[in-house]
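>>> Sharing a model that was predicted from the sequence below.
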Amino acid sequence: MEFIKNPNISVDCVVFGYDPKTKSLNLLLIKRYLESKDGSEVLVDDYVLTGYHIYEHETLDDSATRVLKELTGLTNTYKKQFKAFGDPNRLKNEKDMLWIDNEAFNFRTVTIAYYFLVKTEDVDVNKNKYQAKWFPITDLPELGFDHEKIILEAYEDLKVKCLAEPIIFELLPDKFTINEVQDVYQSILNIEIDNRNFRRKLINKKYIIPLDEKQVGVSKKPAQLYMFSKDIYEKMYQKNYLISM
């Protein structure tokens, strides 16, 4: 099959990951670097989201999945398309124009933005050809294009979404403690949550299943482990949204 690129439509992927060691919500970005032709001057040196033009035979979802796989090797991850960005001037910053001219891209490109939720330990950044790096969402580097705007809108959408649906379990191991769940919520919402109140509400959720297991390899008293049941959640969701006739 011939891969024909659509020059006017791209996808950009906001890849969120949670680091349990630092308890921070992180963002995966790739290095963008360009020198002058004689090598005497650095023209562009910053970070951007991973993204690319769609191919004519692809759906938008297929394009986003392909771009994420090329960056991380991952495919079966939480994905949400959240907005299109089509400002005519979105790529016309001076350094962006230098980059686009060098890459022979189209200055008038509409991008469809997605965000993904992955576990940071599932991504091997040390062997990544794009020089990918995790950054805390609260401490981002200099960004190219309009990617700061895209990231901020993705982050706001994630905060709303995580309060409505149990998507944060995409960022946790299969077996987790209540404190670990609380840590993820706090990292996303950037707030302190009352521990006792949170614990009581969470363990009363039918889709949070207590296990006959405790933490191992910890210096303090090992905590109870739980798991999230997607099946139970989906059955509850369908039942709650049935229309009474």
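Structure's in. What do you need?

>>> What about Gly86, how many residues nearby?
Residues lying near Gly86 (other CB atoms under 10 Å) number 13. Bear in mind the C-beta positions are built from the backbone N, C-alpha and C, glycine included.

>>> right, I mislabeled it, should have said Leu98
14.

>>> Please report how far it lies from Leu91.
For Leu98, the distance to Leu91 (CB to CB, to the nearest Å) stands at 11 Å.

>>> Show the average pLDDT along stretch 171-187.
On average, the pLDDT along stretch 171-187 is 96.

>>> Could you tell me the end-to-end distance of it?
Start-to-end span of stretch 171-187 (CA to CA, to the nearest Å) is 11 Å.

>>> what's next to that stretch, contact-wise?
16-18, 20, 23-25, 117-119, 162, 168-169, 192-193, 195, 198-199, 202-203, 211, 213, 215, 223-228 (CB atoms under 8 Å, 6 or more residues apart in numbering).

>>> Can you mark which positions in that stretch are buried?
Residues of stretch 171-187 classed as buried: 171-172, 176-178, 180-185, 187 (neighbour count, 16 or more other CB atoms under 10 Å).

>>> Return the residues in contact with Glu70.
With CB under 8 Å, 6+ apart, Glu70 has these contacts: Thr50.

>>> I'd like to know how far it sits from Glu213.
From Glu70 to Glu213 the distance is 37 Å (CB to CB).

>>> Just the buried ones out of the contacts of stretch 171-187, please.
By 16+ other CB under 10 Å, these give 16-18, 20, 24-25, 117-119, 162, 168-169, 198, 215, 225-228 as buried.

>>> In helices, which of these fall?
Among those, the members found in helices (DSSP state H) are 162, 198.

>>> quick one: contacts for His53?
Here His53 is in contact with 5-7, 9-10, 105, 109 (CB under 8 Å, 6+ apart).

>>> Can I get the buried part of the residues you listed as one ChimeraX selection?
Buried members of the contacts of His53, defined by 16+ other CB under 10 Å, are picked up in ChimeraX with:
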select :9,10,105,109
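
>>> Out of the contacts of His53, the closest to Ala64 would be?
Ser10 (10.1 Å; CB to CB).

>>> so the closest one makes contact with Arg108?
No - the pair Ser10 / Arg108 is not scored as a contact, 11.2 Å apart, by CB atoms under 8 Å.

>>> Which of the helices or strands spans Pro210?
Here Pro210 sits within strand 208-214, counting by DSSP states H and E.

>>> Just give the strands next to that strand in its sheet, each with its orientation.
When pairs are called by DSSP bridges, strand 208-214 turns out to pair with strand 224-228 (antiparallel).

>>> for the record, mean pLDDT for the partner strand?
On average, the pLDDT along strand 224-228 is 96.
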